[in-house]
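*Asks:* Sequence first, predicted model second:
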Amino acid sequence: MELIDAIGQRHIAIVTASDAPRIISLVPSITELLCDLGLARFIVGRTGFCIHPAEVVKHIPKIGGTKDVNIAKIRTLAPTHLLVNIDENEKPTVDQLAEFIPHVIVTHPIAPRDNLALYRLLGGIFGVETRAEQLCRAFEDAYAQIPAVTSIQTVLYCIWKDPWMTVSADTYISQMLALKGWKNWVSPIVQQRYPVFEWNQDLLATIDAVLLSSEPYRFTQDHVDSLEKQLGKPVQLVDGEMMSWYGSRAIAGLNYVRSLEF
């Protein structure tokens, strides 16, 4: 087995027509990226959460979720490559799959510009460097359009309720927010990557606004309206995919975060 890290320090040989890869992707945003790199025909399995691009992935077999995968089904697909992410997939599962999948590619982007290395990593592995560089240029163009930060505001980005949960500072989401000059509220007590919190006056006194993500919890405008009345703070619904999906969607994500206001 060969482990390939997310900054491209090791590469396998570029595939040839006689040695076409058979890829399993356990990461929704990576599945989309593979398709945008022109590699959809090599994807033999995806999770049920890999929903983009819809017209392409509907023809690719589902092999479970990001954490609950059907290992027996994956084995029958005879994959050569496995795409995983440190945050989204569980190591014991990846270890089991690595017993029979020769090449495991581990990704862990935690900042928007990490996408450039990710594009080039997959471009180099699968021999689609030209397309990878096209994505890099599109990313750089979108990144250049983001205005310089002139002031800092504190927001509370919510990903779940019952219990209420947010994200820590060292997450991709927080780094996306930072491009806008928005600092995500950090719990002074709970030191976790996805902290649980409770609404109280001390918390409200430290934030300027609340952002409710459309995923993984399906917050809606009804939640926004209710919470805004309850808190007396600006509350906004945001597209969770645009804020948290790295890969090719990050290019649209940069334009999206630039457009946000409260």
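*Replies:* Nice, thanks for sending it over.
*Asks:* Next, residue 106: phi, psi?
*Replies:* phi -100, psi 120 (degrees, to the nearest 10).
*Asks:* Correction: the previous question concerned residue 82.
*Replies:* phi -120, psi 130.
*Asks:* Do I have it right that it meets residue 100?
*Replies:* No. Counting by C-beta atoms under 8 Å, residue 82 does not reach residue 100; the two are 9.8 Å apart. All C-beta spots, glycine's among them, are computed from the backbone N, C-alpha and C.
*Asks:* More neighbours: the two, which one.
*Replies:* Legend: neighbour count by other C-beta atoms under 10 Å for residue 82 and residue 100, higher for residue 82 (23 against 13).
*Asks:* Who are the contact partners of the more buried one?
*Replies:* 23-24, 26, 94, 97-98, 101, 103-105 (C-beta atoms under 8 Å, 6 or more residues apart in numbering).
*Asks:* Longest helix in this structure, please.
*Replies:* Scanning the chain for the helix with the most residues, using DSSP state H, yields helix 129-144.
*Asks:* need the strands for this protein, in chain order.
*Replies:* With DSSP state E as the criterion, the chain has strands at 2-4, 23-25, 43-46, 81-85, 103-107, 153-158, 182-184, 209-213, 235-238.
*Asks:* who does the second one touch, helix- and strand-wise?
*Replies:* For strand 23-25, the contact count by 3 or more C-beta pairs under 8 Å, 6 or more residues apart in numbering; DSSP states H and E identifies helix 28-36, strand 43-46, strand 81-85 as packing neighbours.
*Asks:* What's the mean pLDDT across the shortest one?
*Replies:* For strand 43-46, mean pLDDT rounds to 98.
*Asks:* about what we covered before: nearest to residue 119, of the helices and strands packed on strand 23-25?
*Replies:* Between residue 119 and the helices and strands packed on strand 23-25, the shortest separation by C-beta to C-beta is 7.5 Å, and it involves helix 28-36.
*Asks:* Give me the residues contacting the closest one.
*Replies:* Helix 28-36 is touched from outside by 23, 25, 40, 42-43, 46-47, 49-53, 56-57, 60, 66, 83, 85, 107, 118-119, 122, 131, 135, 245-249, with contacts defined as C-beta under 8 Å, 6+ apart.
*Asks:* Return the members of the residues you listed classed as buried.
*Replies:* By neighbour count, with 16 or more other C-beta atoms under 10 Å, those hold 23, 25, 40, 42-43, 46-47, 49-50, 52, 56-57, 60, 66, 83, 85, 107, 118-119, 122, 131, 135, 245-249 as buried.
*Asks:* what's across from the closest residue to residue 177 other than its chain neighbours in the sheet?
*Replies:* Nearest residue to residue 177 in three dimensions, chain neighbours excluded: residue 184, at 5.4 Å (C-beta to C-beta, 6 or more residues apart in numbering). Per DSSP bridges, the residues bridged to residue 184 are residue 155.
*Asks:* hey, where'd the helices end up in the stretch 101-250 of the chain?
*Replies:* Using DSSP state H, counting those that start in this stretch, the helices assigned to the stretch 101-250 of the chain run over residues 114-126, 129-144, 172-179, 201-204, 221-231, 240-244, 249-259.
*Asks:* so residue 150 sits right up against residue 180, yeah?
*Replies:* No. Contact criterion C-beta under 8 Å: residue 150 and residue 180 do not qualify, at 10.9 Å.
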